[in-house]
Every structure is written in structure tokens, then in C-alpha cells.
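J.: Quick check, what structure comes out for this input:
(2 chains)
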Amino acid sequence: MNEIPFSTSLQKLKNELSRNIRRSAYVYRVDCGGCNGCEIEIFAAISPVFDAERFGIKIVASPRHADILLCTGAMTRAMRVPALRAYEAAPDPKIVISYGACGCTGGIFHDLYCVWGGTDKILPVDVYIPGCPPTPAATIYGFAVALGLLGQKLQRHDHEEQADEFVAVAHPTIPHDLRINVEREARRMAGYREGYAIAQKFFGLLGAAEAGSVEERVERFASSENDPRVTEVMRRLGDVFTGRPDVSS
Amino acid sequence: MFKLLREVVRGRGETVRYPFAPLEVNPDFRGRPEHKAEDCIACAACTIACPANALRMETDVEAGTRVWSISYGRCIFCGRCEEVCPTHAITLTPDFELAVLDKKDLVRTATFALAPCVSCGTPFAPRKEIDYVIALTEKAASAPELPELMDSRRRLIATCPACKRTQEAIKIGSFEKPGARGR
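T.: Take a look at the predicted model:
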């Protein structure tokens, strides 16, 4: 969205603002129509475990006391005018933070009938904190970026395909349908993420330098593994690989 | 007041040291999705699976490119893209420090080249996807196939759907009509 042009004196004040409020930032929350997940994470950031108040970040009850407007939730049609009123009530110069996926872009509700989009459809935004919801640590990091204490880590990156890029089939020495069966069984037993990791560990066992049958290798792995669930999955994968039927269920 | 000071001194230090020390998160923490474009075949499985439309795939037939892009602003960190990727090119990392000052820093793109159909020459599928499918077909062949058969399979994979339909129609049209031999 195009930046709303500020007068030069206001722009100068905005540039000084983060320096002036670095150790004492008054934040007013504007919930533009979210699911309250972001609210809960903000309260968690204020709680003693993450303690945003040790940095001087204080939640205030009125937009007239605010330095920072923390806009959560997607901009719904019901909250368009109240959000504008809160923005007009907050004294200049101020920082507007778009909190959460819904605040940044409308998030998962971006194409809903009552949602304008992100906060930047209605208000000029200075800092975007993505997340669904952003964790309390991500919230504190976002405030640090807004106050100029930390630099942003994320940068835009565009990759161009090189002419020699080629994706090889994984594990070329293992027969294809056996590999698929092992990966499917691992996924069935342990979920997509852990199942993939355990299946890769299993294939690593197969390729290990020490000799031995599949059962011997699995038992050798089991003797050094602490987690009995991983051991159970590995034993079952060994059975699948050698073709033994499933007698456990 | 002394009671407060006594509580402060006796406190066990519940507050985490972040941001002065790195925050320890679970290894399965659902943070920023990281896309390795070298491992990507531009099949768009992640784009179909994404519930928030954070992933986009724009195909430009005239330019012969397919552009994958992700917007971390729309991402809900659900992990469905990681679940469906056939080459494990996109995975969720434990990175949660994503705040930016400029919205365009929330976008990442990767451009892939489309391969032309061997029959009609119009670009129809990413070159990397066709190469990967050919490699999978060769790997999955259960017995050493005749070279001509594998060659015709490779040609079929690199043919666009319209030409495949035309070739099938021609093949069916060239079959003998039933009962022709009897007459």
C-alpha cells in the first residue's frame, strides 16, 4: 500500500520517536477483528515468564496515552471506523505495529466477505510481526525491531533456477517400492515429520559400514536408543523391509 | 515494602533470558518455512495444500517460467506444505524472529523454467519436474526394460496433455474395426 505522505516535521518527529521512547513505550491494543489468539500471546508476553515490562513496554487503557498502536486481527468492516478513531486519538508521532498474520495481510481470512485485509489497508503501518499467533518471544523481538534495539533478520530473497539444477531420486540403492512401503509405514506410525526422520535413520542403518542382517542392525540401534517409541517404529520398519507380516495390531 | 523486597530476593528467576540469550525451543517448533529451491520440482503440491494461500505459483507460458512465492505475512505455520512436498524441499525451521519494517521483506520467490512439449513445443511443465518424474520411472521399473520402451515412456512424460490426447486418438483410430476381418 502506498505510504500516506507525512509532513516533513512529522516525519522528523517519527524518526526521533523510537529514540525517545526506547526505554518506555506505551502500547495500546486495537483488536480489529481477530480470533483473540494474538491477544492471548500479548498477555503471555506481559506475564512474568516473558516479562515485556522489564523493557518498559506498558499496555495502557486509552489510545490518548499511547506511543505505539498494536493492531491485531484482520481489518473487518465493523472495526474500520473504530480503528480509525483509535488512530486519530493517539497523539502524533506514533508507531503502528501490525500483529499476527491477520494484521499483516488478512492472514487466513484475507478473502472473507467482511475483511478488508491487513491493517495496512486502513492505517499506515511501520512494523509487521508475522505469526499465527506470534510467540511471546517473537512479540518481544518485534517490539525490539520497532524501537530500533534490534535489526530485522528477514530479507527478501528471489531464486533463479540454474541450468544444471536437477533433483535426484533419494536413496538410489534401495528398491523403489520397498522404500515407499517403509516411508509409508513410518508415516502411519509416527506422523509425517517424525516418521520421515525415523525412516531416514532406518535407511542410514541399511547403508552402514558394519555387516549384519537387517534385524541385527536394528537391534544394535535399539541398544543405544533411549526412546522406546523410536525403537518400536524401527523394529516395525525392519519387519516391513524384510517382509514379515504385522502381528502387533 | 520489605515483604516485596523479600519476595524479589527469594524469587527463583522465572523470567526467560530472551532476548539476551537464545530461546530454547522444541526441535518440532513450527517456525518459518524454509524452501530449498535446489530440491524443488515446482509441482505446486504445497500451493494446493496451503490453507491460507500464502504459497503462490504463477505460470507464464509465453515467458516459459513458473514462479513459486511465499508470503510469511499470510503463513499460519501449519506445516501442511512440509507434509505434502514429495522431495522434502520445504521444511519448517525453529526460526520465529520474523518482524520486518518493510512488507516486501516478507516475500520469497523462486523462478523455474518450463520445458516445451516434445510434440508441439508449447511450454507445459517445469523441466525439473519432468526430469524428476523420468528419474522416478526409471528407478521404479521392476525389470530392466527394453531401451525403446523406456525411450517411448520418456517421450510420453515430456508430452503435453493435449498432444497426448491427440496421439491416443490417432492410435485408436488406426485400430482395425471389429468384425472387418469377417466380412
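J.: which residues does B:Thr93 contact?
T.: Contacts for B:Thr93 were tallied using Cβ atoms under 8 Å, 6 or more residues apart in numbering or on different chains; they are B:Gly31, B:Arg32, B:Pro33, B:Glu34. Quick note: C-beta positions are derived from backbone N, CA and C, even for glycine.
J.: how close does it sit to B:Leu114?
T.: Counting by Cβ to Cβ, to the nearest Å, the gap from B:Thr93 to B:Leu114 is 29 Å.
J.: Tell me the buried residues in the lengthiest strand in chain B?
T.: Identified as the longest strand of chain B according to DSSP state E is strand B:107-116. Judged by neighbour count using 16 or more other Cβ atoms under 10 Å in any protein chain shown, the buried positions of strand B:107-116 are B:Val107, B:Arg108, B:Thr109, B:Ala110, B:Thr111, B:Phe112, B:Ala113, B:Leu114, B:Ala115.
J.: Identify all contacting residues around stretch A:161-172.
T.: With Cβ under 8 Å, 6+ apart, stretch A:161-172 has contacts from A:176, A:179, A:203, B:37-41, B:87, B:89, B:110-113, B:128, B:131-132, B:135-136, B:139.
J.: Swap in 7 Å and give it another go.
T.: Stretch A:161-172 has contacts (Cβ atoms under 7 Å, 6 or more residues apart in numbering or on different chains) with A:179, A:203, B:38-39, B:41, B:87, B:111-113, B:128, B:131-132, B:135-136, B:139.
J.: same deal with stretch B:118-129?
T.: Contacts of stretch B:118-129 (Cβ under 7 Å, 6+ apart): A:165-167, B:41-43, B:61, B:64, B:66, B:112-117, B:155, B:158-160, B:163.
J.: Next step: those restricted to strands.
T.: B:Arg66, B:Phe112, B:Ala113, B:Leu114, B:Ala115, B:Pro116.
J.: returning to that earlier point: buried members of the contacts of B:Thr93 into PyMOL, please.
T.: Applying 16+ other Cβ under 10 Å to these, the buried members can be selected in PyMOL as follows:
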select buried, chain B and resi 31+32+33
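J.: Format the contacts of B:Thr93 as JSON lines; extra columns: secondary structure, distance to A:Ile122 and pLDDT.
T.: Below are these laid out as JSON lines (DSSP: H, G, I helix; E, B strand; the rest coil; distance: Cβ to Cβ, whole Å; pLDDT from 0 to 100):
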{"residue": "B:Gly31", "secondary structure": "coil", "distance to A:Ile122": "29", "pLDDT": "94"}
{"residue": "B:Arg32", "secondary structure": "coil", "distance to A:Ile122": "27", "pLDDT": "96"}
{"residue": "B:Pro33", "secondary structure": "strand", "distance to A:Ile122": "28", "pLDDT": "96"}
{"residue": "B:Glu34", "secondary structure": "strand", "distance to A:Ile122": "32", "pLDDT": "96"}
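J.: Residue ranges in chain B under the pLDDT threshold?
T.: B:142-143, B:179-183 (pLDDT under 70).
J.: mind redoing it with 80?
T.: B:11-13, B:142-146, B:176-183 (pLDDT under 80).
J.: sorry, back to before: kindly identify which of the buried residues of strand B:107-116 also come near chain A.
T.: B:Val107, B:Arg108, B:Thr109, B:Ala110, B:Thr111, B:Phe112, B:Ala113 (Cβ under 7 Å from any Cβ of the partner chain).
J.: all helices for chain B, in order.
T.: B:2-10, B:45-49, B:80-84, B:127-140, B:147-157, B:161-173 (DSSP state H).
J.: same check, this time on chain A
T.: Going by DSSP H, chain A shows helices at A:8-20, A:37-46, A:80-89, A:100-105, A:136-146, A:176-190, A:192-206, A:214-223, A:228-242.
J.: Tell me how far A:Tyr113 lies from A:Ala74.
T.: Counting by Cβ to Cβ, the gap from A:Tyr113 to A:Ala74 is 12 Å.
J.: now do A:Glu225
T.: Taking Cβ to Cβ, one finds A:Glu225 at 46 Å from A:Ala74.
J.: Over to A:Leu10?
T.: 28 Å.
J.: So the two - more neighbours on which side?
T.: Neighbour tally, A:Leu10 and A:Ala74, criterion other Cβ atoms under 10 Å in any protein chain shown: the higher count belongs to A:Ala74, 29 against 12.
J.: What residues does the nearest residue to that one once chain neighbours are set aside make contact with?
T.: Closest residue to A:Ala74 apart from its sequence neighbours, by Cβ to Cβ, 6 or more residues apart in numbering or on different chains: A:Cys102 at 3.9 Å. Counting by Cβ under 7 Å, 6+ apart, A:Cys102 makes contact with A:Gly34, A:Gly73, A:Ala74, A:Phe109.
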